[in-house]
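Engineer: Next input, structure requested:
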Amino acid sequence: MNLLITGGCGHIDSYLAENIHKIKKIKKTFIIDNLKTTQISSLFKSQKKNNLNFYIKDLSIKNSLNQFKKIDYVIHLASMTNAAGSFSKKKDMYTNNLNCMKNIINFCIKRKSKLIHISSTSVYGKQTDIVDETCEKKYLKPQSPYAEIKLIEENMLKKVRKKINYTTFRFGTIAGTSKGMRFHTAVNRFCLDASLNRNINVYKTALNQYRPYLSLSDAFKIFKFSIEKNFFNNDIYNALSENCTVNDILKKIKLFKKDIKIKLVSSPIMNQLSYHVDKSKLNKEGLALNKKIKSDIKDTLNLLKNI
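Structural biologist: Purely as a prediction, here's the structure:
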């Protein structure tokens, strides 16, 4: 079986590439990335070990995937990310991400490839109750252009559900280390600031607000489960390891680095985000995501010790 990974040099993607040999069925893997925000070095060693075939491609361009004739599975990770930064790049993000989504849908329909689509729990936005996948569309409250786009992508798939086999996973904020890791997400950024003895800037109203977090190792379990169990039922699933408040994350960092400096700041952008997400639907399918974020924080701080 052949696998195509889009955006293959990023934080999640490079971890996936490093461990792809653990997924049964996959004999050959093709990876594409435009290298605009990533480095091919994140695939070093993984490329030879796991029979990876890398191509520089811009997925937002129509017909950019024409050379791939026999692809059984697609894991779509290519997109402009960073919810906080999406406000200043709204137009570019809408154009790029939605063109990528349109092209990958058309490709999967034409090649009859099964698709793992990655959305985000940020589509829930500000919520007062624990939310699950049954939350009606009118109650979804994306608070950033990035989250708005993810919701549009989900609806694009729903419109062609009779023509394609897919599963959408709403990922929580990623935690954990990889060769392509980034530092705009909360856990990684806080760990980096702590390691450099810089102030950890926390939005005043966000300290006790809930966010769902997903360990990279649990994210990999999703990819492995989907392919090995042929789990493509055209449905949506929340994907998270655990829900934590921002304060919980800071307390976990303090377990390994006592003298962190926290600075409360104001933000008109991201301080409305709070959502406690239910993951029981995926558990009922036989996939339990239980990695403790505490362990990822420890690994990240250990990695950053020598900088």
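Engineer: Tell me how far stretch 8-28 lies from the chain's centre.
Structural biologist: Remark: stretch 8-28 is offset 14 Å from the chain centroid, using C-alpha atoms, centre = their mean, to the nearest Å.
Engineer: what's the nearest residue to Lys305 if we skip its chain neighbours?
Structural biologist: Ser195 (6.9 Å; C-beta to C-beta, 6 or more residues apart in numbering). Using the backbone N, CA and C atoms, a C-beta is placed for each residue, glycine as well.
Engineer: So the one you found sits against Asn306, correct?
Structural biologist: No. Look at Ser195 against Asn306 with C-beta atoms under 8 Å: they stay out of range, at 9.4 Å.
Engineer: hmm, back to that, tell me who's in contact with the residue nearest to Lys305.
Structural biologist: Ser195 sits next to 257, 301, 304-305, 307 when contact means C-beta atoms under 8 Å, 6 or more residues apart in numbering.
Engineer: Show me just the buried residues among these.
Structural biologist: Neighbour counting by 16 or more other C-beta atoms under 10 Å classes 301, 304 among the contacts of Ser195 as buried.
Engineer: Tell me which other helices or strands the host helix or strand of Ser295 touches.
Structural biologist: Under the criterion of DSSP states H and E, Ser295 resides in helix 293-303. Applying 3 or more C-beta pairs under 8 Å, 6 or more residues apart in numbering; DSSP states H and E, we find helix 293-303 packed against strand 173-175, helix 186-195, strand 210-215, helix 246-256.
Engineer: 10 Å instead?
Structural biologist: Here helix 293-303 touches strand 173-175, helix 186-195, strand 210-215, helix 216-228, strand 242-245, helix 246-256, going by 3 or more C-beta pairs under 10 Å, 6 or more residues apart in numbering; DSSP states H and E.
Engineer: Pull out the buried residues from the second one.
Structural biologist: Residues of helix 186-195 classed as buried: 186-188, 190-195 (neighbour count, 16+ other C-beta under 10 Å).
Engineer: how about low-confidence regions in the stretch 51-200 of the chain?
Structural biologist: Low-confidence regions of the stretch 51-200 of the chain, defined here as pLDDT under 70, cover residues 81-89, 136-138.
Engineer: Tell me which stretches of it form strands.
Structural biologist: 52-56, 73-76, 114-120, 166-171, 173-175, 199-203 (DSSP state E, counting those that start in this stretch).
Engineer: quick one: the helix holding Ser295 to helix 216-228, angle?
Structural biologist: Angle between the axes of helix 293-303 and helix 216-228 is 120 degrees (criterion: axes from the mean of the first three to the mean of the last three C-alpha atoms, to 10 degrees).
Engineer: Could you count how many residues lie near Thr121?
Structural biologist: Residues near Thr121, counting by other C-beta atoms under 10 Å, number 25.
Engineer: contacting residues for it?
Structural biologist: Shown in contact with Thr121 (C-beta atoms under 10 Å, 6 or more residues apart in numbering): 131, 147, 150, 169-173, 211-214, 238-240, 243, 275, 277, 279.
Engineer: Repeat the analysis, applying 6 Å as the threshold.
Structural biologist: Neighbouring residues of Thr121 by C-beta atoms under 6 Å, 6 or more residues apart in numbering: 170, 172, 212, 277.
Engineer: so the first one sits right up against Ser119, yeah?
Structural biologist: Yes. Counting by C-beta atoms under 6 Å, Arg170 sits close enough to Ser119 to count as a contact (4.6 Å).
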